[in-house]
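1. Everything below, folded, please.
(chains A and B)
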2 protein chains.
Amino acid sequence: MTYELYYWTGIQGRGEYVRLALEEAGVAYEDVAREEGDGVIEALSRETDTPSFAPPFLRHGKMIIGQTAAILLYLGDRLELAPKDERLRLWTHQIQLTIADFVVEGHDVHHPLGMGRYYEEQKPESLRRAEEFRDSRVPKFLRWFETILDRNPKGPDHLVGARLSYADLSLFQIVEGLDYAFPKLMQRIGADYPKLRALHDRVATRPNIAAYLKSNRRLPENESDLFRHYPELDE
Amino acid sequence: MTYELYYWTGIQGRGEYVRLALEEAGVAYEDVAREEGDGVIEALSRETDTPSFAPPFLRHGKMIIGQTAAILLYLGDRLELAPKDERLRLWTHQIQLTIADFVVEGHDVHHPLGMGRYYEEQKPESLRRAEEFRDSRVPKFLRWFETILDRNPKGPDHLVGARLSYADLSLFQIVEGLDYAFPKLMQRIGADYPKLRALHDRVATRPNIAAYLKSNRRLPENESDLFRHYPELDE
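-> Residues are numbered from 1 along each chain as shown, chains lettered A, B, ... in the order given. A predicted model of the protein is given here:
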């Protein structure tokens, strides 16, 4: 039974968190819209009684699952990318949900007035929101990730337990996004989070991930994506 | 083993989604900060290796669970407020995650530049963001909820299957929040979502919920909460 990912073509976006899990596990999957066009997303939503509010969603047999963190909760069990113990399984999910919250903030920094207007129509407001994002929100989230790595009873190599989980892969992607969108900020504060950086670097060299990052399945970052490089927001 | 809820005193906030589940189930629980003060939230976060990024979190035996939707995923199984079938259990969770996304937008309408500034410092921006919220975002979310009720193979009385779930309770709370914060908008568009309104009204009359809403455990809405009534945002 093939995993079918439904997500917009052209950006990494939230689909990327799912792709990283599928790629790390080395399972066959279809990136449906890249093969058949974005129209399939709407088409599937029209015909199911469990329509997702927005992509990504995953189709697997009779399951159609939306919400990135819920998809990863499902995949984590099947791809051995999450602990089996109930407490740690839920803790992994909780971390993923907080990563999802951070992704919203990373997007809203360039769309504070809403997604109905272009960035260019809300630039002064973005400049103001970016201040708080750089000075307060990014450090607060990164400090939390670093604390979790610090307190992991199994050591700081993973967010949860002694093995790689989907949350580690997603945190790698967060660091990728910040490095791309806020290079100056990361230059300035990155050294405050050494365990986070080490985790990022370790994930990047895992064989399946390294191969994926070099493949044409990995799209380049761009200014239609969630994390965008607008230099004026990174002063 | 008592359920202990850790959440800020003084507002319904995200804690309310958890309270509604506990109240409906009629189980004993402790609203810890209301009894011992907000300091307990920080204190517990300092000592655990699974510290939540933010409240609410739930303590139950050795479990400490943060993120509202993760708490409800856990409680749903134990309080019979979620289907046992894997597909529908995950679908219920997915709906809850989308409710959580809507709550963020309901908050950001009065804090578009970030939570570090008072509403009064970002009023012109809030007025602009509120336009899109009223004209586009609220209708999009409410239409999605109505569609789910429409397509439920077991009928439109519940979001999922033929029984009440925590998602129904949370959707009740969303309607409560909108009625409070955007009475004019709801007056204007509410009739477009009759099944949603009917669900809200049915939840309100469930014996345990009705008793809770009349008790002093149910705090009144106010302008420190997520949904706030600023008449100028509801034109």
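2. what about the one helix or strand residue A:91 maps to, average pLDDT?
-> For residue A:91, the element it lies in under DSSP states H and E is helix A:86-108. Averaged across helix A:86-108, pLDDT comes to 98.
3. tilt between whichever helix or strand comes after that helix and helix B:123-132?
-> Using DSSP H and E, the helix or strand that follows helix A:86-108 in sequence is helix A:123-132. Counting by axes from the mean of the first three to the mean of the last three Cα atoms, to 10 degrees, helix A:123-132 lies at 110 degrees to helix B:123-132.
4. give me every residue that touches the residue most central in space within chain A.
-> The centroid of chain A falls nearest to residue A:17 when counting by Cα atoms, centre = their mean (4.2 Å). By Cβ atoms under 8 Å, 6 or more residues apart in numbering or on different chains, the residues touching residue A:17 are A:68, A:72, A:99, A:166, A:169-170, A:173. Placement of C-beta: from N, CA and C, glycine included.
5. now it: how far from residue A:73?
-> Distance of residue A:17 to residue A:73, given as Cβ to Cβ, to the nearest Å: 12 Å.
6. picking up where we left off before, sitting in helices, which of the contacts of residue A:17 do you find?
-> Using DSSP state H, the members of the contacts of residue A:17 that fall in helices are A:68, A:72, A:99, A:166, A:169-170, A:173.
7. Looking at these, which is nearest residue B:94?
-> Nearest to residue B:94 among the ones in helices among the contacts of residue A:17, counting by Cβ to Cβ, is residue A:68 at 10.4 Å.
8. isn't that closest one right next to residue A:20, touching?
-> No. At 10.9 Å, residue A:68 and residue A:20 do not qualify as touching, with contact defined as Cβ atoms under 8 Å.
9. what about residue A:52, which SS state?
-> Following DSSP: H, G, I helix; E, B strand; the rest coil, we place residue A:52 in the coil state.
10. Phi first, then psi, for it.
-> Dihedral angles of residue A:52 (phi, psi; degrees, to the nearest 10) stand at phi -80, psi 150.
11. Can you check what pLDDT the model gives it?
-> With respect to pLDDT, residue A:52 has a value of 97.
12. tell me, how many neighbours does it end up with?
-> With neighbours defined by other Cβ atoms under 10 Å in any protein chain shown, the count for residue A:52 comes to 24.
13. Spatially, what comes nearest to it if we skip its sequence neighbours?
-> Beyond its immediate neighbours in the sequence, the residue positioned closest to residue A:52 (Cβ to Cβ, 6 or more residues apart in numbering or on different chains) is residue A:66, lying 2.6 Å away.
14. Repeat that for residue A:87.
-> Nearest non-adjacent residue to residue A:87, counting by Cβ to Cβ, 6+ apart: residue B:63, 5.6 Å away.
15. so who does the one you found touch?
-> Residues in contact with residue B:63 (Cβ under 8 Å, 6+ apart) are A:86-87, A:90, B:74.
16. what residues does stretch A:81-91 touch?
-> A:21, A:24-25, A:72-73, A:75-77, A:92-93, A:160-161, A:163-166, A:169, B:50, B:62-63, B:65, B:70, B:73-74.
17. Among the ones in helices among the contacts of residue A:17, which one sits closest to residue B:56?
-> Nearest to residue B:56 among these, with distances taken as Cβ to Cβ, is residue A:99, at 18.3 Å.
18. Figure out the helix or strand that residue A:147 lives in.
-> Assigned by DSSP H and E, residue A:147 falls in helix A:138-151.
19. For that helix, name the packing helices and strands.
-> If contacts are counted by 3 or more Cβ pairs under 8 Å, 6 or more residues apart in numbering or on different chains; DSSP states H and E, helix A:138-151 sits against helix A:86-108, helix A:183-189, helix A:194-204.
20. Looking at those, spot the one closest to residue B:143.
-> Residue B:143 lies closest to helix A:86-108 among those, at 21.1 Å (Cβ to Cβ).
21. Now find how far off-centre that closest one is within its chain.
-> Counting by Cα atoms, centre = their mean, to the nearest Å, helix A:86-108 is centred 9 Å from the centre of its parent chain.
22. Okay, angle between that helix and helix B:86-108 too, please.
-> Calculated by the same axes, to 10 degrees, helix A:86-108 forms an angle of 40 degrees with helix B:86-108.
23. Mind listing what's buried along helix A:86-108?
-> A:87-103, A:105-108 (16 or more other Cβ atoms under 10 Å in any protein chain shown).
24. and the contacts of stretch A:81-91, which are buried?
-> Using 16+ other Cβ under 10 Å as the threshold, A:21, A:24-25, A:72-73, A:75-76, A:92-93, A:160-161, A:164-166, A:169, B:50, B:63, B:65, B:70, B:73-74 are the buried ones among these.
25. wait, does stretch A:67-79 contact chain B?
-> Yes. With Cβ under 8 Å from any Cβ of the partner chain as the measure, stretch A:67-79 is seen reaching chain B through A:67, A:69-70, A:73-74.
26. quick one, phi/psi of the residue sitting furthest away from the middle of chain A?
-> Residue farthest from the centre of chain A, counting by Cα atoms, centre = their mean, is residue A:47 at 27.6 Å. Per-residue torsions, residue A:47: phi -100, psi -10 (degrees, to the nearest 10).
27. How far off centre is stretch A:107-117?
-> The chain centre lies 18 Å from the centre of stretch A:107-117; the measure is Cα atoms, centre = their mean.
28. Need the contact partners of it.
-> By Cβ under 8 Å, 6+ apart, the residues outside stretch A:107-117 that reach it are A:119, A:121-122, A:125-126, A:128-130, A:133, A:226-228, A:230, A:233, B:108, B:112-114, B:125, B:128-129, B:132-133, B:136-137.
29. mind saving the C-alpha coords of that stretch as PDB?
-> This file holds the C-alpha atoms of stretch A:107-117, laid out as PDB (Å, rounded to 0.1, in the frame of the first residue of the first chain):
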ATOM      1  CA  HIS A 107       4.900  32.500   8.200                       C
ATOM      2  CA  ASP A 108       3.000  35.300   9.900                       C
ATOM      3  CA  VAL A 109       6.200  37.400  10.300                       C
ATOM      4  CA  HIS A 110       5.800  38.200   6.600                       C
ATOM      5  CA  HIS A 111       2.000  38.200   6.600                       C
ATOM      6  CA  PRO A 112       0.900  39.800   9.900                       C
ATOM      7  CA  LEU A 113      -2.300  41.300   8.400                       C
ATOM      8  CA  GLY A 114      -3.400  37.900   6.900                       C
ATOM      9  CA  MET A 115      -2.700  35.700   3.900                       C
ATOM     10  CA  GLY A 116      -5.100  37.600   1.700                       C
ATOM     11  CA  ARG A 117      -2.600  40.400   1.000                       C
END
